[in-house]
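**Student:** Just to be clear, the model below is a prediction. Sequence and coordinates:
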Amino acid sequence: MSTLALSAPAGRSARLGLRATPEQEGVLRRAAEVAQKSLTDFVLDAACQAAEQTLLDQRLFLVSGAQYQSLLELLDRPEGDNPGLADLFARRPPWSAA
């Protein structure tokens, strides 16, 4: 579920408008009915979930020059022993044939 909680209709002040084909409207209304939500609540929930996922999927990170240099130094360091990772790679994957 979206981390953006829907406020009560009285607390909503922004108005969004959209146009849909009759088929799109029908699908949205049927889905809202199945979810036992109003069309507005259903569309807002779905839109907020998609928006949050889009924002979380961003691959661009803006950092200062010092932060970037620290990252480069970290990446250039030789790897150390990782017993947990070695143990994981030593195991037979569950999907492989026995």
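**Tutor:** That came in fine, so what should we check first?
**Student:** pLDDT weak spots in the protein?
**Tutor:** Filtered on pLDDT under 70, the chain yields the residue ranges 1-10, 98.
**Student:** Now do the contacts for residue 47.
**Tutor:** Contacts for residue 47 (CB atoms under 8 Å, 6 or more residues apart in numbering) come out as none. For every residue, glycine as well, the C-beta is placed using N, CA and C.
**Student:** Would you check how far apart it and residue 62 are?
**Tutor:** Residue 47 is 26 Å from residue 62, where distance means CB to CB, to the nearest Å.
**Student:** Could you say which helix or strand holds residue 32?
**Tutor:** Assigned by DSSP states H and E, residue 32 falls within helix 22-34.
**Student:** Then residue 85?
**Tutor:** Under the assignment here (DSSP H and E), residue 85 is part of helix 83-90.
**Student:** tilt between the helix with the most length in the chain and helix 22-34?
**Tutor:** If you go by DSSP state H, the chain has its longest helix at helix 39-56. Counting by axes from the mean of the first three to the mean of the last three CA atoms, to 10 degrees, helix 39-56 points 100 degrees away from the direction of helix 22-34.
**Student:** Can you name the element that comes right after helix 39-56?
**Tutor:** Per DSSP H and E, the first helix or strand lying C-terminal to helix 39-56 is helix 65-76.
**Student:** ok, and what's touching that next one?
**Tutor:** By CB under 8 Å, 6+ apart, helix 65-76 touches residue 63.
**Student:** Can you name the residues that contact the residue nearest the centre of the chain?
**Tutor:** Nearest residue to the geometric centre of the chain (CA atoms, centre = their mean): residue 53, 2.8 Å. Not one residue lies near residue 53 by CB under 8 Å, 6+ apart.
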